[in-house]
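> predicted model and sequence below, questions to follow.
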Protein chains: 2
Amino acid sequence: MTYCVALYLKDGLVMLSDMRTSAGVDHISTFGKMHVFGEPGERMVALLTAGNLALTQSVVALIQEGVEVDGETLTILTVSSMFQAAQLVGAAVRKVWKRDGAALKEQRVDFDLSILIGGQIRGRRMRLFHVYSAGNFIEATPDTAFFQIGEHKYGKPILDRALTFDTGIWDGVKLVLISMDSTLRSNLSVGLPLDLLVYRRDALRPELRRRIGEDDPCFRKISEDWSQALRKAFQSLPHPEWKD
Amino acid sequence: MTYCVALYLKDGLVMLSDMRTSAGVDHISTFGKMHVFGEPGERMVALLTAGNLALTQSVVALIQEGVEVDGETLTILTVSSMFQAAQLVGAAVRKVWKRDGAALKEQRVDFDLSILIGGQIRGRRMRLFHVYSAGNFIEATPDTAFFQIGEHKYGKPILDRALTFDTGIWDGVKLVLISMDSTLRSNLSVGLPLDLLVYRRDALRPELRRRIGEDDPCFRKISEDWSQALRKAFQSLPHPEWKD
């Protein structure tokens, strides 16, 4: 499994993915699921991928090689807007489906894939999309300030409770790290290292890219402090006053 | 969906279930998923059920009417130990499978059911079991102090972080309520009211049975205080010190 989360905030984007890939519990490897493209000052586009690795790697390769969108062959470096970037990813997904769909069906393997794509191109709006395995997509709005793909349930409650569009970028970073930490603890198929990207609106370059490993002191501190803070928060709750 | 959770603690059992049953989003009803049997001073046995309601209601009916276990017809009021009670539930599950399994398969309906059964019979040990749809079962031990059935992922992180076998009973009550509250917020198919049972080891009668509705002041206070405490805990976290 995989867990990827992306925040769409007033001030920018925060994107985080784990790096564990498993084909059964005895076949675990490490693969990047975050792919960042661009040219500082011109464009910054980042993808997070979940699902069948053969499929997502094909999509990531195709959007660099070029895929036809509305009669024009485009790449992730030539699309003129984030909307067109999402269309490009959707077109690449459909191309992979045409190529692999029938063979997978014969082997009873699901065509299982989902992709988050966020970023900004100079002169255009910062946007975040969730592309499905049919190549269609939805867009994040101020009312829905985050998207998750993969093993999303363990890490959702903290986001549901604490995140809004107005959350500051660095509070957002803390929230996705807590959300990821909850998932890491509850599901073995999601694992370190992590890839983190912070993008500030209109910067047209990442503010931070960070690979977070087992011994990253900052992530460990957040994880341990959070456990402690939770226990303290829990102890501060009132005793239920029901009596039979 | 359903969410049920049962804690197996040094001092006793804590069991909690929601009451929402859905057959599609336009067909939502309220059904008890907690079934308590016994005689004060003699036995206290409680079931939590998840899955297809027609199946779980049949199982609950059969264990009251009588099912053959090892050549003897037993009911939930005549079994002599909790182990035998779990066997009885398993036998009832298999009886329902024999009766309904083929017809369900023809309609492509899964034989989907899981049951938690906990309690104590005079002179015997307090135990907690998880019975699967094949009628087999596992038992909680001090190393695994809780079982969940149904929509379990949203409510698992807080239990993974804060619960041990040595957790006090009333702290356990607060934990299952937080775990349920996280699930209620993230999944619409789990809904109030809730059924709560608290059993103290060797008491042979429930210490508390409580139906918790929308306007229960105690549950609301725990839910609100927890949201506040979480936000405070979150704000107390250190700012990540990564810089590019």
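Nice, I can see it. Numbers count the residues shown, from 1 in each chain, chains lettered A, B, ... in the order given.

> from here on, contacts and neighbour counts on C-alpha atoms
Fine.

> quick one: contacts of the lowest-mean-pLDDT helix or strand in chain A?
Lowest on mean pLDDT, DSSP states H and E among the helices and strands of chain A sits strand A:28-30, with a mean of 78. Applying Cα atoms under 8 Å, 6 or more residues apart in numbering or on different chains, the external contacts of strand A:28-30 come out as A:Met19, A:Arg20, A:Thr21, A:Ser22.

> what's the first helix or strand after that strand?
The C-terminal neighbour of strand A:28-30 among helices and strands, as given by DSSP states H and E, is strand A:34-39.

> now the terminal residues of stretch A:165-174, how far apart.
With Cα to Cα, to the nearest Å as the measure, the first residue of stretch A:165-174 is 15 Å from its last.

> returning to what we had before: paired strands for the least confident helix or strand of chain A, with orientation please.
Strands flanking strand A:28-30 in the sheet, each with its direction: strand A:20-22 (antiparallel) (DSSP bridges).

> and the strand it pairs with, how far out from the chain middle?
Counting by Cα atoms, centre = their mean, to the nearest Å, strand A:20-22 is centred 15 Å from the centre of its parent chain.

> low-confidence ranges in chain A?
Residues of chain A meeting the criterion pLDDT under 70: A:23, A:25, A:243-244.

> chain B contacts on that one?
Applying Cα under 8 Å from any Cα of the partner chain, we find that chain A lies next to chain B at A:153-157, A:160-162, A:170-171, A:174, A:182-183, A:185-186, A:207-210, A:218-219, A:221-222, A:225-227, A:229-231, A:233-234, A:236-244.

> from these, list the buried ones, please.
The neighbour-count test (16 or more other Cα atoms under 10 Å in any protein chain shown) applied to these identifies A:153-157, A:162, A:171, A:174, A:182-183, A:186, A:207, A:209, A:219, A:222, A:225-227, A:229-231, A:233-234, A:237 as buried.

> in strands, which of the residues you listed fall?
Secondary structure from DSSP state E places A:Glu207, A:Arg209 of these in strands.

> in helices, which of the buried ones among the residues of chain A next to chain B appear?
Assigned to helices by DSSP state H, the following of those qualify: A:156-157, A:162, A:171, A:174, A:182-183, A:186, A:219, A:222, A:225-227, A:229-231, A:233-234.

> following the longest helix along chain A, which helix or strand shows up next?
Determined from DSSP H, the single longest helix within chain A is helix A:82-106. Proceeding N to C from helix A:82-106, the next assigned helix or strand is strand A:113-121, under DSSP H and E.

> how far off centre is that following strand?
A distance of 8 Å separates the C-alpha centroid of strand A:113-121 from that of its chain, computed with Cα atoms, centre = their mean.

> picking up where we left off before, A:Asp11: which of the contacts of strand A:28-30 is nearest?
Minimum distance to A:Asp11 across those is 26.5 Å, recorded for A:Met19 (Cα to Cα).

> who's in contact with the closest one?
If a contact means Cα under 8 Å, 6+ apart, then A:Met19 has A:Thr2, A:Thr30, A:Phe31, A:Gly32, A:Lys33, A:Val190, A:Gly191, A:Leu192, A:Pro193, A:Leu194, A:Asp195 as its contacts.

> swap the cut-off to 10 Å and go again
Under the criterion of Cα atoms under 10 Å, 6 or more residues apart in numbering or on different chains, the contact partners of A:Met19 comprise A:1-4, A:29-34, A:189-195, A:211.

> are any of those buried, and if so which?
When the contacts of A:Met19 are checked against 16+ other Cα under 10 Å, the ones flagged as buried are A:1-4, A:32-34, A:189-195, A:211.

> residues near A:Gln107, how many?
By the criterion of other Cα atoms under 10 Å in any protein chain shown, A:Gln107 has 8 neighbours.

> for chain B, see how far away it is.
Plainly put, A:Gln107 is 22 Å away from chain B if you go by Cα to the nearest Cα, to the nearest Å.

> next one: A:Asp202
Applying Cα to the nearest Cα to A:Asp202 and chain B gives a distance of 18 Å.

> tally of neighbours for that residue?
As a burial measure, A:Asp202 scores 19 neighbours (other Cα under 10 Å).

> and it, what is it in contact with?
When contacts are counted by Cα under 10 Å, 6+ apart, A:Asp202 touches A:11-12, A:41, A:43-44, A:119-126.

> repeat the analysis, applying 8 Å as the threshold.
By Cα under 8 Å, 6+ apart, A:Asp202 lies in contact with A:Gln120, A:Arg122, A:Met126.

> just among those residues, which is most surrounded?
These, ranked by neighbours (other Cα under 10 Å): first place A:Gln120, 30 neighbours.

> give me the nearest residue to A:Ser186, chain neighbours excluded.
Counting by Cα to Cα, 6 or more residues apart in numbering or on different chains, the nearest residue to A:Ser186 once its immediate chain neighbours are dropped is B:Pro157, at 6.3 Å.
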